[in-house]
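> Pasted the sequence and its predicted model underneath.
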Amino acid sequence: MHRSKARYQHQWRCSDVTFHCANQGLCEQWVQLINEQLSLLSNRPKSLLVYINPYGGTQSGKRIYEQKVAPLFRRACISTDVIVTERANHARDHLKTEANLDKYDGVVCVGGDGMFSEVLHGLVTRTQTNNGVDLNQPDTELVPCSLRIGIIPAGSTDCICFATVGTNDPVTSALHIIVGDSQPMDVCSVHHNDVFLRFSVSLLGYGFYGDVLTDSERKRWLGPARYDLSGVKTFLSHNYYEGTISFLPAENNTATPRDKLQCRSGCCVCLHQPSSKDGEQWEMSEEKENGGWSAIRGKFIAINAASMSCACPRSPKGLSPSAHLADGTTDLILVRKCSRLDFFRHLLRHTNKDDQFDHSFVEVHRVRKFRFQPRHRELLSLEDLSESPKKTGFSPICSARTTCNYSTAHSSWTCDGELLPHTAIQVR
Ligand SMILES: Nc1ncnc2c1ncn2[C@@H]1O[C@H](COP(=O)(O)OP(=O)(O)OP(=O)(O)O)[C@@H](O)[C@H]1O
């Protein structure tokens, strides 16, 4: 009841307003004047490139676009080029190399968070390539993209749409796109040594969420229900992982992850953060803070970095309810080894009003950068493997001892719903 009410508050609907006038000449003047005024609104897009993932969520992306969104774009006189993707990474590769971006005012993705991530990677990579920026340099300054990305939700979780628009509703998103609304968003770059891995805008999760994703990938045929099944299985496995997490706190930031502020469009915390235009200032303040790195070594059930609240219909507050969309920080949440019951109590707080960080085994830091180093090297030798697997409870049934040890010494990082190939990462 409460949830649907909250979601309804953010829903937009089209409505018709009829003006009456007996004089046809005057009517025509009105129409001409309204059209002239609309064409002066430069933030409204006139031409869009649309990618539809026909297999996202319940496989209804094409129908959603054709029935709910295309008619609105037509009424708003927006011209579109529509590409229905034929394979994973089709949209990313097309944007990276082929798409004639000068033709468009924005790119729209019809799908879930994975589809958004594809479009983000395509656009950001293309912009860096065009400007000669080497993504493998972890400290390089990225050139901002000139095109905006619109999301028409048609995936399983649609967390990025929910966290930015407040609801997962294709009509609301289409109307925001039509009127030219925009919301800046932090983008984290993730490196392994000096190799660029991926960008992240929502959740980087090691341990619990990494394990849920790893398991759910094997159950894709189940559709969105796979997350529930894998969630229960991972919860019962109750694994923990050892490693060292180092981070650079966002010291000058006035807001904290435990204040009750919720970031919304026009948020004053985000508005007062250095923008990419102030890049030089930013670099200088980072230089000064270089000594300010902290390190925590321990056994963790979950390490989560939330660059936005990560709210979704199931968890309306998200993993970090007060995380900001565009303040240049991410909220690093460390859940240390604890009992299964305690971890359950922590998870439950994602769905109710209680402070989810108010547990002795949970800590949260607002950071600008962090690094993670697993205790065991990624390619383990047989000697390393002789150490006992780190488990607190049920062990998966497993015949090859070496495989068991390797898989229990490491989790994987989920990066906005994609698995990373390395566990030792640097994030900025
Ligand atoms: N034509 C296609 N065939 C197969 N996979 C595709 C195709 N187009 C895109 N994909 C891939 O499908 C994956 C999932 O898509 P998407 O994010 O749209 O849905 P989802 O996973 O159901 O939703 P969410 O990410 O919100 O949980 C993406 O990683 C994307 O790269």
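The structure has been received and is ready for your questions. Here the structure is a predicted model, which is why all the values come from computation and not from measurement.
> contacting residues around the spatially most central residue of the chain?
Residue closest to the average C-alpha location in the chain (Cα atoms, centre = their mean): Ser202, at 2.6 Å. For Ser202, the contacting residues are 113, 159-160, 163, 306-308, 310, 416, by Cβ atoms under 8 Å, 6 or more residues apart in numbering. For glycine as for every other residue, the C-beta is placed from the backbone atoms N, C-alpha and C.
> let's see 10 Å
Ser202 sits next to 113, 116-117, 157, 159-160, 163, 185-186, 188, 305-312, 318-319, 323, 330, 414-417 when contact means Cβ atoms under 10 Å, 6 or more residues apart in numbering.
> and what of Tyr206?
By Cβ under 10 Å, 6+ apart, the residues touching Tyr206 are 241, 243, 245, 300, 302-305, 372, 374, 410-414, 420, 423, 425.
> can you list the residues of the chain near the ligand?
Applying Cβ under 6 Å from any ligand atom, one finds that the chain approaches the ligand through 53-57, 85-90, 111-115, 118, 155-158, 417.
> what about the residue of the stretch 301-428 of the chain found nearest the ligand, distance to Ile149?
With Cβ to the nearest ligand atom, the shortest gap between the stretch 301-428 of the chain and the ligand falls at Gly417, namely 4.8 Å. For Gly417, the distance to Ile149 equals 16 Å [Cβ to Cβ, to the nearest Å].
> higher neighbour count, those two?
Higher neighbour count among Gly417 and Ile149: Gly417, with 24 against 19, using other Cβ atoms under 10 Å.
> Tell me if I'm right that the more buried one and Ser156 touch.
Yes. Contact status for Gly417 versus Ser156: in contact at 9.0 Å, counting by Cβ atoms under 10 Å.
> Need the residues touching each of the two.
Here Gly417 and Ser156 have 112-114, 216 as joint contacts, going by Cβ under 10 Å, 6+ apart.
> Could you pull up the residues touching Asp134?
By Cβ under 10 Å, 6+ apart, the contact set of Asp134 is 128, 140, 194, 196.
> Specify the local secondary structure of it.
The three-state label given to Asp134 by DSSP: H, G, I helix; E, B strand; the rest coil is coil.
> so what does the one helix or strand His191 maps to touch, helix or strand wise?
Element membership for His191 (DSSP states H and E) is strand 188-192. On a contact count with 3 or more Cβ pairs under 10 Å, 6 or more residues apart in numbering; DSSP states H and E, strand 188-192 meets strand 195-200, strand 362-374, strand 413-415, strand 425-427.
> Which of those strands sits closest to Pro71?
Closest to Pro71 of those, according to Cβ to Cβ: strand 195-200, at 32.9 Å.
> Tell me the first helix or strand C-terminal of the closest one.
Using DSSP H and E, the helix or strand that follows strand 195-200 in sequence is strand 203-207.
> tilt between that following strand and strand 195-200?
On the basis of axes from the mean of the first three to the mean of the last three Cα atoms, to 10 degrees, strand 203-207 is oriented at 120 degrees to strand 195-200.
> Name every strand pairing with strand 203-207 and say which way it goes.
strand 294-306 (antiparallel), strand 413-415 (antiparallel) (DSSP bridges).
> Tell me which of the helices and strands packed on strand 188-192 sits most buried.
strand 413-415 (a mean of 27; mean count of other Cβ atoms under 10 Å).
> Show residues contacting it.
By Cβ under 10 Å, 6+ apart, strand 413-415 touches 117, 188, 190, 192, 197-214, 216-217, 303-305, 372, 419-425, 427.
> and if we set it to 8 Å?
190, 197-198, 200, 203-206, 209-210, 212-213, 419-420, 422-423, 425.
> Gly266 falls within a strand, correct?
No. Counting by three-state DSSP, Gly266 is not part of a strand but coil.
> where in the protein is pLDDT low?
The chain contains residues with pLDDT under 70 at 1-7, 252-253, 274-290, 378-408.
> coming back round to it: ok, which of the helices and strands packed on strand 188-192 comes nearest Arg13?
strand 195-200 (33.0 Å).
> which neighbours does the closest one have in its sheet, and in what orientation?
Per DSSP bridges, strand 195-200 is paired in its sheet with strand 188-192 (antiparallel).
> unless I'm mixing things up, Arg72 is touching Val171, no?
Quick fix: residue 72 is Leu, not Arg. Yes. If you go by Cβ atoms under 8 Å, Leu72 and Val171 touch, sitting 7.1 Å apart.
> Could you pull out the residues contacting both of those two?
By Cβ under 8 Å, 6+ apart, the residues touching both Leu72 and Val171 are Cys14.
> if we can go back for a sec, kindly supply the ChimeraX command isolating those of the contacts of Asp134 that are buried.
To isolate the buried subset of the contacts of Asp134 in ChimeraX, counting by 16 or more other Cβ atoms under 10 Å, use the following:
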select :128,196
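> In the contacts of Asp134, find the pair that's most separated.
For the contacts of Asp134, the farthest-apart pair by Cβ to Cβ is Gln128 and Asp194; their separation is 15.5 Å.
> Thought Thr80 was touching Leu48, still the case?
Yes. Leu48 is in contact with Thr80 according to Cβ under 8 Å; the separation is 5.0 Å.
> Spell out which residues are contacts of both of these two.
Shared contacts of Leu48 and Thr80, defined by Cβ under 8 Å, 6+ apart, are found at 73, 108.
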